[in-house]
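Engineer: got a structure for you, letters missing:
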Ligand SMILES: CC1=C(/C=C/C(C)=C/C=C/C(C)=C/C=C/C=C(C)/C=C/C=C(C)/C=C/C2=C(C)C[C@@H](O)CC2(C)C)C(C)(C)CCC1
Ligand SMILES: [Fe+2]
């Protein structure tokens, strides 16, 4: 395990031609671009957590039967400052950085003071997001960094706060067919209020001012007041159907007072996240047309969710699927001191972490007001998910478990917001890196798996075939890190329908384990 984590990866900014085996479909033209941490040690300093590492972008470009690999560290302000100082000088979520110990007392005091209103990291390591035709690397702070798809060079730094009140924003936006981007974030303490904001970034032409902010610019579609001013919920993604936004306010919360004092108390920001297992998880449905939150108080038991899979409407219900946990232990598993345990010790530790399951919630949009309390008001067939009517406008929702042990879910995005059948994901095993990728059929509850010895696949990305008729007409791309020194890492191309390998493209380069990415088809 040690060799995977904590080792700094070498970037390959010049295109490296891949060795192709098998048949890569001719129609597959474009670039798979992905993001994730590639450097955890700077000078003599080391990050505490795997999610803290310096963003390393990488891409596989498919062009006329050839495949080229590139990787490049995001030249964020954080990266530059760290390199210049040859130590970690900017705090990340799991690592608090302190001023240079050699500074004199005045410089130190100034540095401490400036942290009362800190400037946050632009180490955008989580995902790649699209705003019109522009691409950005993203994290969960108020910053995103524009990047060049071809060269992986870093361009402008965009601050959401210039356009909307947002201190945090997700790395998992949604897109509509008109090219608009939707995201959600949290505004902390603005005008004495803490709220969740849903924003729409209108489609833009390439290079047209940052964020494509031609008039009318970024719009706040809806503000949802946080249940608690000082403890907003943490969230990593949300769902979007044709008419509704699905937002889960989970009892996994940021403690603002703790955040404000973390620097002085010498603790990291992650320690300011609190898990409240006795609280409810609220399910908010926001009408995209009226921009209003539905007044029924839908809730479920305490859970932690990072990834929404999909959401859609059927016969007066909103159905949404999420990958959820029974507690907040996932984050702890990714501390480098845990990842660096030997395999046996890790596996033992792993058993103490909660395992994710893919859960389906079915939310009835309307119900007969005279129905008795305790009645299940879900009228949809073929689901065991229920919604029990309670007093005072509350509805208690219980999910159907669709699949156990999957994470990093992806779908054919053409089916986002629509009734769908297939989920592509990583299979969770009690190892910190995925060892299998999986296709789950929601209709038949059956799965296909792909694995190979010494192969550690990344989140699989679906690319639809040009003349696709069925949802799974296309390929699945996964970048595979090889742990066998004799074989190189490669890009795997699977037939999404049969889950059979079509081909692979091996690269002699230092490929890293990553988080998320996008396929950008050739125009
Ligand atoms: C909080 C806060 C601040 C700071 C915010 C910052 C710096 C936020 C950074 C957030 C980051 C880097 C978040 C990263 C999230 C990554 C996630 C959720 C990754 C999930 C990965 C998963 C679920 C992997 C699962 C798997 C498991 C469990 C087992 C394996 O077998 C298989 C595998 C890998 C698939 C400010 C702005 C300073 C101030 C305001 C408050
Ligand atoms: Fe994510």
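Structural biologist: Nice, thanks for sending it over. Just so we're clear, the structure is a prediction, and the values are computed from it rather than from any experiment. Ligands and ions are numbered 1, 2, ... in the order given.
Engineer: switch to C-alpha atoms for all contacts and neighbour counts from now on
Structural biologist: Fine.
Engineer: need the contact list for the nearest residue to residue 63 once chain neighbours are set aside.
Structural biologist: Using Cα to Cα, 6 or more residues apart in numbering and skipping the chain neighbours, the partner closest in space to residue 63 is residue 29 (5.5 Å). Counting by Cα atoms under 8 Å, 6 or more residues apart in numbering, residue 29 makes contact with 61, 62, 63, 64, 521, 522.
Engineer: in a strand, residue 313, correct?
Structural biologist: Yes - with DSSP: H, G, I helix; E, B strand; the rest coil as the criterion, residue 313 is part of a strand.
Engineer: how close does it get to ligand 1?
Structural biologist: 26 Å (Cα to the nearest ligand atom, to the nearest Å).
Engineer: got it, and residue 174?
Structural biologist: Distance from residue 174 to ligand 1, by Cα to the nearest ligand atom: 17 Å.
Engineer: beta partners for that residue?
Structural biologist: Beta-bridge partners for residue 174, by DSSP bridges, are residue 182.
Engineer: compute the number of surrounding residues for it.
Structural biologist: Counted by other Cα atoms under 10 Å, the residues lying close to residue 174 total 21.
Engineer: and it, what pLDDT?
Structural biologist: Here, the pLDDT recorded for residue 174 equals 98.
Engineer: ok, residue 99 next?
Structural biologist: Residue 99 is given a pLDDT of 66.
Engineer: what's the helix or strand for the nearest residue to residue 224 once chain neighbours are set aside?
Structural biologist: Spatial nearest neighbour of residue 224, excluding adjacent residues (Cα to Cα, 6+ apart): residue 196 at 5.0 Å. Element membership for residue 196, per DSSP states H and E: strand 193-201.
Engineer: so that strand, near ligand 1 or not?
Structural biologist: No - on the criterion Cα under 6 Å from any ligand atom, strand 193-201 is out of touch with ligand 1, staying 11.9 Å away.
Engineer: thinking again about what came up before, hang on, the residue nearest to residue 224 packs against residue 190?
Structural biologist: No - contact criterion Cα atoms under 8 Å: residue 196 and residue 190 do not qualify, at 11.2 Å.
Engineer: same drill for these two, tell me which one is more crowded.
Structural biologist: When residue 196 and residue 190 are compared for neighbours, residue 196 comes out ahead with 24 against 11, by other Cα under 10 Å.
Engineer: okay, and the beta partners of the more buried one?
Structural biologist: Under the criterion used (DSSP bridges), residue 196 bridges to residue 186, residue 224.
Engineer: any idea how far it is from residue 226?
Structural biologist: From residue 196 over to residue 226 the distance is 7 Å, taken as Cα to Cα, to the nearest Å.
Engineer: what sits against residue 457?
Structural biologist: Applying Cα under 8 Å, 6+ apart, one finds that residue 457 lies in contact with 426, 434, 435, 436, 437, 478, 479, 480, 481.
Engineer: cutoff 10 Å now
Structural biologist: Contact partners of residue 457, counting by Cα atoms under 10 Å, 6 or more residues apart in numbering, are 426-427, 433-437, 450-451, 477-482, 489-492, 513-514.
Engineer: equivalent analysis for residue 143, please.
Structural biologist: 120-124, 136-137, 157-161, 166-169.
Engineer: equivalent analysis for residue 449, please.
Structural biologist: 424, 425, 426, 427, 436, 437, 438, 439, 440, 499, 500.
Engineer: who's the fourth one bridged to?
Structural biologist: The residues listed as beta-bridge partners of residue 427 by DSSP bridges are residue 406, residue 436.
Engineer: from now on call the first residue 29
Structural biologist: Renumbered: residue one is now 29, and that last one reads residue 455.
Engineer: neighbours of it, just the number please.
Structural biologist: 25.
Engineer: show me which residues of this protein sit near ligand 1.
Structural biologist: 79-80, 120-121, 148, 167-169, 196, 297, 334, 435-436, 454, 456-462.
Engineer: selecting buried members of the residues you listed in ChimeraX, what would you type?
Structural biologist: Filtering these down to the buried ones (16 or more other Cα atoms under 10 Å) takes a single ChimeraX command:
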select :79,80,120,121,148,167,168,169,196,297,334,435,436,454,456,457,458,459,460,461,462
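Engineer: where strands are concerned, which of the residues of the chain next to ligand 1 count?
Structural biologist: 196, 334, 435, 436, 454 (DSSP state E).
Engineer: pLDDT added to those residues, as JSON lines?
Structural biologist: Formatted as JSON lines, these follow (pLDDT from 0 to 100):
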{"residue": "196", "pLDDT": "96"}
{"residue": "334", "pLDDT": "98"}
{"residue": "435", "pLDDT": "97"}
{"residue": "436", "pLDDT": "98"}
{"residue": "454", "pLDDT": "96"}
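Engineer: out of these, which is nearest to residue 302?
Structural biologist: residue 334 (15.1 Å; Cα to Cα).
Engineer: nearest residue to that closest one other than its sequence neighbours?
Structural biologist: That would be residue 264: by Cα to Cα, 6+ apart, it lies 5.0 Å from residue 334.
Engineer: wait, the one you found touches residue 198, no?
Structural biologist: Yes - between residue 264 and residue 198 there is a contact under Cα atoms under 10 Å: 5.4 Å.
Engineer: which stretches of the stretch 129-278 of the chain have low pLDDT?
Structural biologist: 129-147, 232-245 (pLDDT under 70).
Engineer: show me the helices in the stretch 229-378 of the chain, by range?
Structural biologist: For the stretch 229-378 of the chain, applying DSSP state H, counting those that start in this stretch gives helices covering 284-293, 358-361, 364-367, 371-378.
Engineer: report the buried residues of the longest one.
Structural biologist: By that I understand helix 284-293. Buried positions in helix 284-293, judged by neighbour count with 16+ other Cα under 10 Å: 284, 286, 287, 288, 290, 291.
Engineer: in a markdown table, list those residues along with distance to residue 388 and pLDDT.
Structural biologist: A markdown table is the format used below for the buried residues of helix 284-293 (distance: Cα to Cα, whole Å; pLDDT from 0 to 100):
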| residue | distance to residue 388 | pLDDT |
| --- | --- | --- |
| 284 | 31 | 94 |
| 286 | 34 | 95 |
| 287 | 33 | 92 |
| 288 | 37 | 89 |
| 290 | 37 | 91 |
| 291 | 40 | 87 |
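Engineer: nearest to ligand 1 among the residues you listed?
Structural biologist: Nearest to ligand 1 out of these is residue 287 (Cα to the nearest ligand atom; 6.6 Å).
Engineer: still on that earlier bit, now, of the contacts of residue 477, which are buried?
Structural biologist: Buried among the contacts of residue 477 (16+ other Cα under 10 Å): 452, 453, 454, 455, 464, 465, 466, 467, 468, 527.
Engineer: looks like the third one contacts residue 431 (just checking).
Structural biologist: No - taking contacts as Cα under 10 Å, residue 454 lies outside contact range of residue 431: 11.9 Å.
Engineer: spell out which residues are contacts of both of those two.
Structural biologist: In contact with both residue 454 and residue 431: no residue, using Cα under 10 Å, 6+ apart.
Engineer: give me the residue from the stretch 79-228 of the chain nearest ligand 1.
Structural biologist: residue 121 (4.1 Å).
Engineer: neighbours around residue 509, how many?
Structural biologist: 22.
Engineer: roughly how far apart are the most far-flung residue of the chain relative to its centre and residue 313?
Structural biologist: Relative to the centre of the chain, and counting by Cα atoms, centre = their mean, the farthest-placed residue is residue 398 at 41.4 Å. Distance of residue 398 to residue 313, computed by Cα to Cα: 23 Å.
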